[in-house]
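Engineer: from the sequence below, what's the structure:
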Amino acid sequence: MSMSYDKSKVADSLFNPDVSIIMAELESGPKESALLSSTLGIPEPEIKTRLEYLIETGFVIVSGTTYGVDSEKLAKFMENDENYKGVVDGLTELDSYLN
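Structural biologist: Numbering: from 1, shown residues only. Alright, predicted model coming up:
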């Protein structure tokens, strides 16, 4: 697991549709690869392949055949990511105009 990472590569991974569907399933807690595979219709080896960079950088934690998310690390990344902050600020401003 790497302590340093390429922010843009992490963002690309998180917002990749092939990865985000898996991350959405992990949002409610760790899941076994067999359950992810049957729920999402993705072969078990493909799940690991899709999550490879997030596993390498510690955003996704693998314990045996169980996948989970380091929620604290992910939250910190989202809070500190300038692109994400810009999107949130823009949506907040837009919302203030609409309401």
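Engineer: so the spatially most central residue of the chain is in which element?
Structural biologist: Residue closest to the average C-alpha location in the chain (C-alpha atoms, centre = their mean): residue 14, at 4.3 Å. If you go by DSSP states H and E, residue 14 is part of helix 7-15.
Engineer: now do that helix: which elements does it pack against?
Structural biologist: helix 17-26, helix 52-56 (3 or more C-beta pairs under 8 Å, 6 or more residues apart in numbering; DSSP states H and E). For the C-beta atoms, the positions are set from N, CA and C on the backbone; glycine is no exception.
Engineer: show me the strands in this protein, by range?
Structural biologist: Shown for the chain, the strands assigned by DSSP state E span residues 31-32, 60-63, 66-69.
Engineer: deepest in the core, which of the ones you listed is it.
Structural biologist: Per-stretch averages of neighbours, counted by mean count of other C-beta atoms under 10 Å, single out strand 66-69 among those, with a mean of 18.
Engineer: chain center to that one: distance?
Structural biologist: 11 Å (C-alpha atoms, centre = their mean, to the nearest Å).
Engineer: how much space between residue 17 and residue 23?
Structural biologist: 11 Å (C-beta to C-beta, to the nearest Å).
Engineer: so for those two, which sits in the more crowded spot?
Structural biologist: residue 23 (20 against 6; other C-beta atoms under 10 Å).
Engineer: can I get the strands of the chain in CSV with distance to residue 4 and mean pLDDT?
Structural biologist: Shown next, in CSV, are these (distance: least, C-beta to C-beta, whole Å; pLDDT from 0 to 100):
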stretch, distance to residue 4, mean pLDDT
strand 31-32, 27, 97
strand 60-63, 17, 97
strand 66-69, 19, 96
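Engineer: so which of those comes closest to residue 39?
Structural biologist: strand 31-32 (8.0 Å; C-beta to C-beta).
Engineer: show me where the chain dips below the pLDDT cut-off.
Structural biologist: 1-3, 81-99 (pLDDT under 70).
Engineer: got the phi and psi for residue 28?
Structural biologist: Here the main-chain torsion angles of residue 28 (degrees, to the nearest 10) amount to phi -90, psi 0.
Engineer: relative to helix 17-26, how tilted is the helix holding residue 14?
Structural biologist: Angle, helix 7-15 to helix 17-26, by axes from the mean of the first three to the mean of the last three C-alpha atoms, to 10 degrees: 70 degrees.
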